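1. Just need the structure, nothing else, for what follows:
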Amino acid sequence: MTVLFADVKGSMELLADRDPEEARKILDPLLERMMNAVHRYEGTVNQVMGDGIMALFGAPLAHEDHAVRACYAALRMQDAVRRYSDELRRAQGVEMQIRVGLNSGDVVVRSVGSDLRMDYSAVGHTTNLAARMEQLATPGSIRLTAGTLHLAEGMVHVTPLGPVPVKGVSEPVEVFELTGAGAARSRLEAAARRGLTRFVGRDAEMDQLRRAAEEIRRGRGQLVAVVGEPGVGKSRLYHEFIHSHHTHGWLILESGSVSYGKAAAYLPLADLLRAYFKIESRDDVRAIRAKVTGNLLTLDEALKEAVPHLLWLLDALPEDSPLLALDPADRRRRTLAAIKTVLLRESQVQPLLIVFEDLHWIDSETQAFLDALVDGLPGVSILLAMNYRPEYRHG
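-> Residues are numbered from 1 along each chain as shown. Prediction:
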């Protein structure tokens, strides 16, 4: 599992001249933002310690990607606190910064409580080292160990800080500063950047994909699904097909569900739209609006009505848009229909390969969209390729 510690550096000094009630009004919203970041990635906040928290990823809920979740939670936490600090500075002249520490390894987890309340406590070297990472971090930064980096490598950006003496540890510890999320969206993509092994033993499956591609060229939409246990090569198969000559001249859009995304509606759809409109992480709201509007009107001026629906999904809709006044169910229905309309229209210009990975983690809104898109496949040049584990059940 991965253990996270986070606290406000120098909070007592910052709030020393304020009465306790006023100090709590400043500190509580900050702690809430920190805990929300943990919960966003399905971590467990097992301790709240005055001006800080301790959280666990991988227990009591087991997650195979606990280190990645913890890193993303730490980044989200820093971003949320940074925005809250900006608000405080403008309103009260107070600035707040947090420091975060992460470490991964074996942890002894025990339940503490009674019949009415049950808490989880984590003890051991892994927990102590995570606390040391927090203490080493400068305000506004995130420090992690090599153990955490090894499990999240390729999915995050770090700056090596070298071996650092740590109290309670006989040898210096390799420490890294977490600076951002990596460009890779999956472990396969991260591995591809380092170099993949030779692809063998999948001739029959590649032949099926090749035949599906031939049907697309005849204007007959196709649905392909690959089912298998983790690690059997579902993503690698699509990777090889995407980079083969069979998809030359196609528009390829890739998206997928993430293990922490079931509670986040539309997350894979938003990723799909970012790929389609070539939206980058540095693009601000104005740039997103320009890309969406410009691309849609260039494709077909009749798609003008789809613009606000797509902007809403990308969190770039103007606050005074009439779309926000719609009934949520009606807005949902229109938004899913707008995405489908855009993709069907694009398929008249060039063949589309749309890859949705890891349907076993799909949210209900994205599932509803895929159901609608499948209904529209006959007679269009779209190959919809999906993969999932055996436990996936539609609906």
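2. Going by C-alpha atoms from here, please, whenever you check contacts or count neighbours.
-> Will do.
3. Residue ranges in the stretch 101-250 of the chain under the pLDDT threshold?
-> 109-123, 183-197, 200 (pLDDT under 70).
4. Buried residues, stretch 54-66. List them.
-> Neighbour-count burial for stretch 54-66, counted by 16 or more other Cα atoms under 10 Å, picks out 54-60, 63, 65-66.
5. Now do the contacts for the residue lying closest to residue 43 once chain neighbours are set aside.
-> In space, and not counting its chain neighbours, residue 43 is closest to residue 57: 4.7 Å by Cα to Cα, 6 or more residues apart in numbering. Residue 57 makes contact with 1-4, 42-44, 63, 66-67, 69-70, according to Cα atoms under 8 Å, 6 or more residues apart in numbering.
6. Go again with 7 Å.
-> 1-3, 43-44, 66, 70 (Cα atoms under 7 Å, 6 or more residues apart in numbering).
7. CSV for these, including pLDDT, distance to residue 290 and secondary structure?
-> Shown next, in CSV, are the contacts of residue 57 (pLDDT from 0 to 100; distance: Cα to Cα, whole Å; DSSP: H, G, I helix; E, B strand; the rest coil):
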residue, pLDDT, distance to residue 290, secondary structure
1, 90, 43, coil
2, 94, 40, strand
3, 94, 41, strand
43, 91, 36, coil
44, 89, 39, strand
66, 92, 37, helix
70, 95, 34, helix
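8. Of the residues you listed, select the buried ones using a PyMOL command.
-> Applied in PyMOL, the following selects the buried portion of the contacts of residue 57 according to 16+ other Cα under 10 Å:
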select buried, resi 1+2+3+43+44+66+70
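9. Show me the domain layout of the chain.
-> 2-182, 199-388 (automatic domain parsing).
10. hey, which of those domains is tucked in deepest?
-> domain 2-182 (a mean of 18; mean count of other Cα atoms under 10 Å).
11. Okay, and the beta partners of the residue nearest to residue 43?
-> residue 2 (DSSP bridges).
12. what does residue 101 give?
-> Residues in beta-bridge contact with residue 101 (DSSP bridges): residue 5, residue 143.
13. Next up, the contacts around it.
-> Neighbours of residue 101 in contact, by Cα under 7 Å, 6+ apart: 4-6, 130-131, 133-134, 137, 142-144.
14. Next up, identify which helix or strand residue 354 is on.
-> For residue 354, the host element (DSSP states H and E) is strand 352-357.
15. I'd like the buried residues of stretch 54-66 written out as a markdown table, with distance to residue 154 added.
-> As requested, these are arranged in a markdown table below (distance: Cα to Cα, whole Å):
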| residue | distance to residue 154 |
| --- | --- |
| 54 | 25 |
| 55 | 23 |
| 56 | 22 |
| 57 | 19 |
| 58 | 20 |
| 59 | 23 |
| 60 | 26 |
| 63 | 18 |
| 65 | 13 |
| 66 | 15 |
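16. Looking at these, which two lie furthest apart in space?
-> Distance extremes for these: the farthest pair is 54 and 65 at 18.6 Å, using Cα to Cα.
17. Please enumerate the helices of the stretch 201-350 of the chain.
-> 203-217, 234-242, 267-276, 285-299, 307-313, 328-346 (DSSP state H, counting those that start in this stretch).
18. one step back: point out the other helices and strands that the strand holding residue 354 packs with.
-> Here strand 352-357 touches strand 251-256, strand 382-388, going by 3 or more Cα pairs under 7 Å, 6 or more residues apart in numbering; DSSP states H and E.
19. and the angle for it with helix 267-276?
-> 140 degrees (axes from the mean of the first three to the mean of the last three Cα atoms, to 10 degrees).
20. and the gap between the nearest residue to residue 182 once chain neighbours are set aside and residue 330?
-> Nearest residue to residue 182 in three dimensions, chain neighbours excluded: residue 156, at 4.1 Å (Cα to Cα, 6+ apart). Distance from residue 156 to residue 330, counting by Cα to Cα, to the nearest Å: 38 Å.
21. try residue 141
-> For residue 141, the distance to residue 330 - Cα to Cα - is 43 Å.
22. Equivalent analysis for residue 181, please.
-> In terms of Cα to Cα, residue 181 sits 34 Å off from residue 330.
23. With residue 159 instead?
-> With Cα to Cα as the criterion, residue 159 and residue 330 are 46 Å apart.
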